[in-house]
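Visitor: give the three-dimensional model of this entry:
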Amino acid sequence: MKSLGEWMTNFYWQVGVDLGSSNIRIYTKDKGVIVEEPTVVARLKKKKNGVQRILVYGQGAKDMYNREPKQIEVVAPIWRGTIADMEMVEALVAYFMKFVYDIPSAYPKILKPRLIVAVPGTISKVQMRTFRNIFSQIGVAKVTLVESAVLGVLGSGFKLEESSGVLFLDIGGGKTEVSLVSMGGIVLSRGLDLGGRDFDEAIINYVKMKYGLLIGINTAEKVKIEMGGIIRGRDLESNLPKSIRLRAEEVVEATAMLVKKIASLVKLILDEMPTEMTDDVLKRGVILSGGGSKLVGIDKYIEEEVKVNAVVVNDPEYGVVRGMGELLENKDWLARVKLISGMN
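Guide: From the prediction side, this is the model:
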């Protein structure tokens with residue numbers, strides 16, 4: 001028989017939000033991922049009556065990048081895992097939360113939703129308050145902040161009751177974090193302002209220097225995902241359109257220095273971790289997640305550098321949101337994470 005509290009959960013949405021530098025993903029209990037869009041907006045440059053009008057959200061805004069008319073600008077309000085433009089983030093979240101409210105339900109959702117929000121393990125107290133304020137402003141009853149690494153480990157198939165350590169490497173769009181996680185909490189965490197976008201920029205600079213060809217960020221991202229292919233851009237000498245074929249080996253060469261920095265961050269955590277956890281890490285290896293871990297060969301390079309096995313989880317870009325799903329479907333686990341994280 002359900003308790004009154006359990007019965008009341010029928011009347012509000014239980015939601016998980018992964019608000020990353022590159023993408024926002026929203027998960028609802030019993031429905032799964034209902035929103036997956038780039039964390040980008042297109043807005044008018046000029047304010048009207050002190051208000052900046054947003055024209056397009058998500059993928060539509062991303063597609064406009066470097067194609068927008070001069071009176072419009074495309075902005076990414078989350079930068080390096082932190083909130084760079086609070087007003088734009090609030091508008092973005094409010095827009096996509098409407099999709100949650102429009103979901104058909106067997107029970108009327110008359111109460112305000114309750115959210116789990118993924119945050120970096122290296123987040124400051126100021127940023128914590130900012131995240132809470134944003135979601136409070138859009139009518140959320142309760143916000144629980146949980147470290148992305150804890151969610152990512154849970155979404156990678158590990159259980160909270162396990163006392164052994166997991167070395168978790170999350171390569172996001174604008175930030176990379178290496179965390180040692182045990183029993184649903186973070187033992188050690190270090191971050192680096194580097195991610196998938198930096199891989200894209202590195203490819204742009206490589207093509208510019210080697211071939212004298214200027215390409216856009218969306219083209220570079222495509223090349224990174226496909227590990228090469230035919231790319232089109234503007235020849236810097238003639239200013240005319242030009243096409244070249246970029247090989248996979250060249251993509252590896254273009255991003256090599258950045259991958260080396262990530263490997264050095266893993267080494268730092270290995271040097272600092274408690275001796276008692278050495279055996280756990282050697283058995284399991286380094287667990288790679290986040291969209292940046294899909295770069296072909298990055299796991300092998302890290303493995304060679306740190307002399308520890310490296311494993312990329314299935315569908316790594318969904319690791320954090322899968323962890324949210326696990327917590328929302330298992331209230332006992334959620335209570336345990338809240339207790340450990342101290343973010344009630």
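
Visitor: which residues of the stretch 201-344 of the chain fall in helices?
Guide: 217-226, 248-272, 278-284, 298-306, 319-329, 331-341 (DSSP state H, counting those that start in this stretch).

Visitor: need the winner for burial among these.
Guide: helix 319-329 (a mean of 24; mean count of other CB atoms under 10 Å). No exception for glycine: its C-beta is placed from N, CA and C like everyone else's.

Visitor: quick check: mean pLDDT of it?
Guide: What helix 319-329 shows for mean pLDDT is 89.

Visitor: what does that helix contact?
Guide: The contact list for helix 319-329 (CB atoms under 8 Å, 6 or more residues apart in numbering) reads 14-18, 20, 25, 27-29, 32-33, 116, 118, 146, 148, 150-156, 170, 289-290, 313, 333-334, 337.

Visitor: quick one, which of the residues you listed are buried?
Guide: 14-18, 20, 25, 27-29, 33, 116, 118, 146, 148, 150-156, 170, 289-290, 313, 333-334, 337 (16 or more other CB atoms under 10 Å).

Visitor: tell me where the model's unsure across the stretch 1-150 of the chain.
Guide: The model of the stretch 1-150 of the chain has pLDDT under 70 over residues 1-7, 10, 106-108.

Visitor: could you redo the last one with a cut-off of 80?
Guide: Under the criterion pLDDT under 80, the flagged ranges of the stretch 1-150 of the chain are 1-12, 50, 104-111.

Visitor: what are the ranges of the strands in it?
Guide: 14-19, 23-28, 32-38, 41-44, 54-57, 72-75, 78-79, 82-83, 114-119, 142-147 (DSSP state E, counting those that start in this stretch).

Visitor: neighbouring strands for the second one, and are they parallel or not?
Guide: Neighbouring strands of strand 23-28 in its sheet, by DSSP bridges, are strand 14-19 (antiparallel), strand 32-38 (antiparallel).

Visitor: before we move on, the earlier item: wait, which of the helices of the stretch 201-344 of the chain is closest to V140?
Guide: helix 319-329 (14.5 Å; CB to CB).

Visitor: okay, the strands paired with strand 23-28 in JSON lines with distance to R245 next?
Guide: Shown next, in JSON lines, are these (distance: least, CB to CB, whole Å):
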{"stretch": "strand 14-19", "distance to R245": "35"}
{"stretch": "strand 32-38", "distance to R245": "27"}
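
Visitor: coming back round to it: and the strands of the stretch 1-150 of the chain: which comes nearest K242?
Guide: Among the strands of the stretch 1-150 of the chain, the nearest to K242 by CB to CB is strand 72-75 (24.9 Å).

Visitor: didn't P241 look like it was pressed against I231?
Guide: No: judged on CB atoms under 8 Å, P241 makes no contact with I231 at a distance of 11.4 Å.

Visitor: got the domain ranges for this protein?
Guide: 4-36+87-152+318-341, 40-75, 154-194+263-317, 196-253 (automatic domain parsing).

Visitor: that older thread, output the strands of the stretch 1-150 of the chain as a markdown table; include the columns distance to P274.
Guide: A markdown table is the format used below for the strands of the stretch 1-150 of the chain (distance: least, CB to CB, whole Å):
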| stretch | distance to P274 |
| --- | --- |
| strand 14-19 | 29 |
| strand 23-28 | 33 |
| strand 32-38 | 35 |
| strand 41-44 | 43 |
| strand 54-57 | 44 |
| strand 72-75 | 42 |
| strand 78-79 | 33 |
| strand 82-83 | 29 |
| strand 114-119 | 24 |
| strand 142-147 | 18 |
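
Visitor: out of those, flag the one nearest E237.
Guide: strand 72-75 (28.4 Å).

Visitor: show me what the closest one is packed against.
Guide: Applying 3 or more CB pairs under 8 Å, 6 or more residues apart in numbering; DSSP states H and E, one finds that strand 72-75 makes contact with strand 41-44.

Visitor: quick one: contacts of the strand it packs on?
Guide: 52-57, 60-61, 64, 68, 71-75, 77, 88, 91-92.

Visitor: of the residues you listed, buried ones?
Guide: Counted by 16+ other CB under 10 Å, the contacts of strand 41-44 give 52, 54, 56-57, 61, 64, 68, 72-75, 77, 88, 91-92 as buried.
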